[in-house]
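A.B. asks: fold the following and give me the result.
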Amino acid sequence: LARIVPNAFQLQRTCKLAFAPSWSTTDGGIKVGPNSSDPLAKSFRRLLPLYSTPEAGYTIQDEGAALYVHALFAVRDRRLGIIEANFVSLPARLLALVQCNGKLIADDIETGTLNAPIAARLPADTASALEACLGGGNALRA
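C.D. replies: Residues are numbered from 1 along each chain as shown. Okay, here's the model as predicted:
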């Protein structure tokens, strides 16, 4: 589709709330995983052009930092049309984060940099990749 209609994936973007899986096992032997789709799955990767969050955002193991990154790229994207998640609690958490941290998010958008305390919770290469995806500051959008 992208070859035939080059701007087809730019009409409306989705904030897909998904987190890198972190598996644990209960005392009874039951595997417990993330409360979202697995962004490391091959089928998920094919959908990345539809999402506001860049690929590096889906590798973050710290769920709080990942949610901030999802919020940052969702607010930054003027073509955002959908917030998608497996459970209604995730969009509610995202919107609460935006409400509580709107100034920090706006600062990040204005400067084109990732908030230092959030960046410190990420591997350096992930933080660098995310800042590159911000594409510089955008004072008008902030």
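
A.B. asks: give me the three-state assignment for the closest residue to residue 95 other than its chain neighbours.
C.D. replies: With sequence-adjacent residues excluded and distances taken as Cβ to Cβ, 6 or more residues apart in numbering, residue 95 is closest to residue 83, at 8.0 Å. To be clear about C-beta, it is placed using only N, CA and C from the backbone, and glycine gets the same treatment. Assigned state for residue 83: strand (three-state reduction, DSSP: H, G, I helix; E, B strand; the rest coil).

A.B. asks: residue 83 is in contact with residue 18, isn't it?
C.D. replies: No - Residue 83 is beyond contact range of residue 18, at 11.9 Å (criterion: Cβ atoms under 8 Å).

A.B. asks: neighbour count for these two, which is higher?
C.D. replies: Neighbours were counted for residue 83 and for residue 18 using other Cβ atoms under 10 Å; residue 18 has more, 25 against 18.

A.B. asks: distance of the more buried one from residue 41?
C.D. replies: 10 Å (Cβ to Cβ, to the nearest Å).

A.B. asks: cool, residue 139 as well?
C.D. replies: Using Cβ to Cβ, residue 139 is found at 37 Å from residue 41.

A.B. asks: swap in residue 89?
C.D. replies: According to Cβ to Cβ, residue 89 stands 22 Å off from residue 41.

A.B. asks: how about the secondary structure of residue 73?
C.D. replies: Relying on three-state DSSP, one would call residue 73 helix.

A.B. asks: next, the buried residues of the worst-scoring helix or strand of the chain on mean pLDDT.
C.D. replies: Ranking every helix and strand in the chain by mean pLDDT, DSSP states H and E puts helix 42-45 at the bottom, with a mean of 79. For helix 42-45, the neighbour count (16 or more other Cβ atoms under 10 Å) marks residue 44 as buried.

A.B. asks: what's the answer for stretch 76-92, then?
C.D. replies: Residues 76, 77, 80, 83, 85, 90 are the ones in stretch 76-92 that count as buried (16+ other Cβ under 10 Å).
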